[in-house]
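Participant: Model the structure of this input:
(4 chains)
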Amino acid sequence: MGKIYDTAAAALDGLLFDGMTIVAGGFGLCGIPEKLIAAIHDSGVRDLTVVSNNAGVDGFGLGVLLQSRQVKKMIASYVGENKEFERQYLSGELDLEFAPQGTLAERIRAGGAGIPGFYTKTGVGTLIAEGKEHKDFAGETYILETGIVADLAIVHAWRGDLYGNLVYRKTARNFNPNAATAGKVTVAEVEELVPEGSLDPDGIHTPSVYVKRLVLGQDFEKRIEQRTVRERV
Amino acid sequence: MGKIYDTAAAALDGLLFDGMTIVAGGFGLCGIPEKLIAAIHDSGVRDLTVVSNNAGVDGFGLGVLLQSRQVKKMIASYVGENKEFERQYLSGELDLEFAPQGTLAERIRAGGAGIPGFYTKTGVGTLIAEGKEHKDFAGETYILETGIVADLAIVHAWRGDLYGNLVYRKTARNFNPNAATAGKVTVAEVEELVPEGSLDPDGIHTPSVYVKRLVLGQDFEKRIEQRTVRERV
Amino acid sequence: MGWTRDEMAARAAAELHDGFYVNLGIGMPTLVANHIAPGIDITLQSENGMLGMGPFPFAGDEDPDLVNAGKQTITELRRTSYFSSADSFAMIRGGKMDLSILGAMEVAANGDLANWMIPGKMVKGMGGAMDLVAGAKRIVVLMDHNDKAGGQKFRDRCTLPLTGSNVVDVLITDLAVFERADRKGAPFRLVETAPGIGLDDLRARTGANFSE
Amino acid sequence: MGWTRDEMAARAAAELHDGFYVNLGIGMPTLVANHIAPGIDITLQSENGMLGMGPFPFAGDEDPDLVNAGKQTITELRRTSYFSSADSFAMIRGGKMDLSILGAMEVAANGDLANWMIPGKMVKGMGGAMDLVAGAKRIVVLMDHNDKAGGQKFRDRCTLPLTGSNVVDVLITDLAVFERADRKGAPFRLVETAPGIGLDDLRARTGANFSE
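Facilitator: Predicted coordinates:
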């Protein structure tokens, strides 16, 4: 198949260019493609438009691309955990487009599904609706939102096989399967590369067709953002 | 939880009324909710609008509702396997709305997802596009298709638990997970009722919230439509 | 004077009926989970992609792949399922959540809700709040009745940018509970007041008209 | 005179390149799977919800839960995944299929395709054909060059209701292979003819203009 690459840098080789759009899986720091983000950082590619629910934290996740000023614009639903983001945004160095989380998820899915636009009730009557087409269906008002297709999608999966089939783990799934469909090229990092035929065909979250390149990562950091515990009684 | 019913008839009790719309899972005869269809037949409910990719065959699947003249209208993509359907349609007894298969699947998903309309390239320049809104995105023309919400969704799953979580098997999945989201009420028949906690949470196809009632079926017929085999060499 | 945060959460828990599927917003609403009555079976959704959210893990059992919408470590239950963000919001937008409990900066007499931005201050984003108010069948808001300077937060009109228009069904503050019968023009009605809160005092501290 | 159905299928198989994801329509296109060259790795999609379709089962191994888009019993492979109909057509509509091979009633010089209905006759429906021609990156059509009465099926304009407008890239008939360079006005070009088929004969039996 030729989909397996030895390193994240090799998996991205030839795919990166200044001014490109990248859609990334992950929610907060959960399920983010940390190895691919690091390799994009090392590549020095600039003027990126990044589509991701969050912007990482200072020094980890997409935060590293912000610190190195490689990001020109973010499309996100929540960016509250990142001081460097705030500084760049308030100084006008960084462009920001907010999309409600569900609208963002659906826009990414739509892009991957060949749907250029869809109507949603989310955001009607708010700032988000300004400048967008309004349309009534059965007496209710909806706004038109557009699909997102990126030059590159980067995702993090738990298990993958050499065909490119992917399985995600628990809430690390989040935006990853949607992002995987919305890249002109999709690159996945996995925690385990499993023998062919060992994934349950009924339980594959991302079918092989979506994944063009795949890398087995080592020593994932998988940082926890909010460590909350309960007392043992 | 109170979601488990003893018979298909009990699971449908109080949900059926003349003139209602029913969306059904299944593709051809594969993965059809055969017990629930039989119970709808027995109930005598009439003037149904049925949303299903196919119309069953004479004497099985949705074909039994056609033979008993309980169906007023079908929304489907392919009805080629059913002589009674043809007779009723040509005589004007039955109304038929064709939707391309992918458009039908997406309309059902959209209905379940609170999306009243979406744009697709499918059908542009064909009879399907007539009377529909056309809109250009990035220089390409698309047509507006609408979401489908039914009064009742009936689906067939392989395994279910008492919460209503469902898992489908192989290509019997087809329209079932989409249909399960698009009913004001969704009733599922399952081949196995498994102990709570025994389904892999990463592998559940229909989360419990979608399923209001569930029945364990017995002696499924699961008829094969086209038995094709190869020679043992 | 007035209810504590825990008392407010307990009052909100009374809105949860057996069999409900519920999404609890970040902050005070998460406290509601501690007050669910015995015998009331509730399934909690977390909009990052989980149905059937369990309590926080014991120390040492934290799993970086298992967090809620507030990015807090949590646990799963026997009923749990995971799904993608698009599927999660299909569930929310599609009206499958019986109830969502959210925090607020302002609520208006017409049901408008503002809880995501203050112009001129850094904006963190709306996350899933706009989707939740647009999609959930019933919206319960938990907020302090007045801001720290004593300003009215339950107002005739919201002054802050909206999260949703005509979406709040129940408002629970530290002083009182208000509810409206529908989203078609019914006014908010005072359901109860916290111990020691008089009606005149309440009206003085409230910008919105409400019926009794 | 002219190619057999198997020869047409073999010619169509030459359009399959290593690593391609391909959807084969019902009927003659399914024969193409028998002619994939050794060393060419192809993954077949079945639009009812399967990627990685295997051959027919051995007698006795038929599984009613495992059928292709023609409702025929099939088998799975080590690469197989299953998904819902909405996800299947998201894949197709989203342009992830490198190629689809379909049958036709008529093909026009401008790339129009008609293969789903004859007015006045019972209409069986378009199934997934309209989605496939709208979504797949490249469309190859397999059809008889003329109908049973000798009528032209490769025409200046389609007379039957369309399945898709400006969608055919390659046309393989029992007499010849035609291809066009793009969907922006390039004419169909004659690529090859079946043994014994002369150009004058071919033109006489063809309603569409084509270049050589």
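
Participant: measure residue A:77 to residue B:72 for me?
Facilitator: Separation of residue A:77 from residue B:72 (C-beta to C-beta, to the nearest Å): 44 Å. Using the backbone N, CA and C atoms, a C-beta is placed for each residue, glycine as well.

Participant: which one of those two has more residues nearby?
Facilitator: Using other C-beta atoms under 10 Å in any protein chain shown, the more surrounded residue of residue A:77 and residue B:72 is residue A:77, with 25 against 15.

Participant: what does the model give that one for pLDDT?
Facilitator: If you check residue A:77, the pLDDT there is 97.

Participant: pLDDT wise, what is the closest residue to residue A:119 other than its chain neighbours at?
Facilitator: Nearest non-adjacent residue to residue A:119, counting by C-beta to C-beta, 6 or more residues apart in numbering or on different chains: residue A:142, 3.8 Å away. In this model, residue A:142 is scored at 98, pLDDT.

Participant: what's residue A:142 in contact with, if anything?
Facilitator: Going by C-beta atoms under 8 Å, 6 or more residues apart in numbering or on different chains, residue A:142 touches A:119, A:120, A:121, A:124, A:134, A:135, A:136, B:116, B:117.

Participant: In helices only, show me those residues.
Facilitator: The members of these all map outside helices under DSSP state H.

Participant: And the furthest pair within those residues?
Facilitator: Greatest spacing in the contacts of residue A:142, by C-beta to C-beta: A:124 and B:117 (14.1 Å).

Participant: looking at this, residue C:87 is in a helix?
Facilitator: Yes - per DSSP: H, G, I helix; E, B strand; the rest coil, residue C:87 lies within a helix segment.

Participant: can you tell me how far it sits from residue D:82?
Facilitator: Distance, residue C:87 to residue D:82, using C-beta to C-beta: 16 Å.

Participant: These two: which is more packed in?
Facilitator: residue D:82 (29 against 22).

Participant: correct me, but the more buried one touches residue B:176?
Facilitator: No - contact criterion C-beta atoms under 8 Å: residue D:82 and residue B:176 do not qualify, at 11.4 Å.

Participant: shared neighbours, these two?
Facilitator: Listed as contacting both residue D:82 and residue B:176 by C-beta under 8 Å, 6+ apart are residue B:168.

Participant: Neighbour count added to the contacts of residue A:142, as TSV?
Facilitator: Rendered in TSV, the data for the contacts of residue A:142 read as follows (neighbours: other C-beta atoms under 10 Å in any protein chain shown):
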residue	neighbour count
A:119	27
A:120	30
A:121	22
A:124	21
A:134	11
A:135	15
A:136	10
B:116	21
B:117	19
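
Participant: export these to a markdown table and tack on pLDDT and distance to residue C:12?
Facilitator: Listed next are the contacts of residue A:142 as a markdown table, based on pLDDT from 0 to 100; distance: C-beta to C-beta, whole Å:
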| residue | pLDDT | distance to residue C:12 |
| --- | --- | --- |
| A:119 | 98 | 32 |
| A:120 | 98 | 27 |
| A:121 | 98 | 24 |
| A:124 | 98 | 26 |
| A:134 | 98 | 33 |
| A:135 | 98 | 35 |
| A:136 | 98 | 34 |
| B:116 | 98 | 31 |
| B:117 | 98 | 35 |
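
Participant: Out of those, list just those in strands.
Facilitator: A:119, A:120, A:134, A:135, A:136, B:117 (DSSP state E).

Participant: of the residues you listed, closest to residue D:143?
Facilitator: Residue D:143 lies nearest to residue B:117 out of these, by C-beta to C-beta, at 35.2 Å.

Participant: Just to be sure, the residue nearest to residue A:119 is in a strand?
Facilitator: Yes - assessed by three-state DSSP, residue A:142 belongs to a strand.

Participant: which ones are touching residue 119?
Facilitator: Went with chain A since none was named. Contact analysis of residue A:119 by C-beta under 8 Å, 6+ apart lists A:135, A:137, A:142, A:143, A:144, A:145, B:115, B:116, B:117, B:118.

Participant: Hmm, no, I was thinking of chain C.
Facilitator: Shown in contact with residue C:119 (C-beta under 8 Å, 6+ apart): C:160, C:161.

Participant: which secondary structure element contains it?
Facilitator: Assigned by DSSP states H and E, residue C:119 belongs to no helix or strand.

Participant: Show the pLDDT at it.
Facilitator: 90.

Participant: measure it to residue C:159 for me?
Facilitator: Counting by C-beta to C-beta - residue C:119 and residue C:159 are separated by 10 Å.

Participant: Of the contacts of residue A:119, which is the nearest to chain D?
Facilitator: Comparing these against chain D with C-beta to the nearest C-beta places residue B:118 closest, at 10.5 Å.

Participant: circling back: which of the contacts of residue A:119 sit farthest apart?
Facilitator: A:137 and A:145 (14.2 Å).

Participant: Looking at the two now, which is surrounded by more residues?
Facilitator: Comparing residue A:137 with residue A:145 by other C-beta under 10 Å, the one with more neighbours is residue A:145, at 25 against 14.

Participant: Confirm that one sits in a strand?
Facilitator: Yes - assessed by three-state DSSP, residue A:145 belongs to a strand.

Participant: ok, now which ones touch the residue nearest to residue A:169 when sequence neighbours are not counted?
Facilitator: Leaving aside its sequence neighbours, residue A:169 sits nearest to residue A:158 (C-beta to C-beta, 6+ apart; 3.8 Å). Applying C-beta under 8 Å, 6+ apart to residue A:158 gives the contacts A:167, A:168, A:169, A:172, A:190, A:191, A:192, C:65.

Participant: ChimeraX command for the buried members of those?
Facilitator: Typed into ChimeraX, the line below selects the buried ones among the contacts of residue A:158, using 16 or more other C-beta atoms under 10 Å in any protein chain shown:
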select /A:167,168,169,172,190,191 /C:65
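
Participant: State the distance from the residue sitting furthest away from the middle of chain C to residue A:30.
Facilitator: Here the centre of chain C is the reference, and by C-alpha atoms, centre = their mean the most remote residue is residue C:60, at 30.4 Å. From residue C:60 across to residue A:30, the span is 19 Å (C-beta to C-beta).

Participant: can you check residue A:55 too?
Facilitator: 14 Å.

Participant: can you check residue A:7 too?
Facilitator: For residue A:7, the distance to residue A:30 equals 24 Å [C-beta to C-beta].

Participant: So for those two, which residue has more residues nearby?
Facilitator: residue A:30 (29 against 14).

Participant: so who does that one touch?
Facilitator: Residue A:30 is in contact with A:171, A:172, A:174, A:225, C:48, C:64, C:65, C:67, C:71, counting by C-beta under 8 Å, 6+ apart.

Participant: which residues touch the fifth one?
Facilitator: This means residue C:48. Residues counted as contacts of residue C:48 (C-beta under 8 Å, 6+ apart) are A:27, A:28, A:30, A:171, A:174, C:67, C:68, C:69, C:85, C:88.

Participant: My guess is residue A:149 contacts residue A:109. True?
Facilitator: No - using C-beta under 8 Å, residue A:149 makes no contact with residue A:109, being 11.2 Å away.

Participant: more neighbours, these two?
Facilitator: Of the pair residue A:149 and residue A:109, residue A:109 is the one with more neighbours under other C-beta under 10 Å, namely 30 against 23.

Participant: what about the strands in chain C?
Facilitator: Along chain C, the segments classed as strands by DSSP E run C:21-24, C:43-46, C:50-53, C:76-82, C:99-103, C:106-108, C:113-114, C:139-142, C:154-155, C:170-172, C:176-179, C:189-193.

Participant: sorry, that was for chain A
Facilitator: A:4-5, A:21-24, A:48-51, A:71-76, A:95-98, A:117-120, A:134-137, A:140-146, A:150-160, A:166-167, A:183-193, A:213-216.
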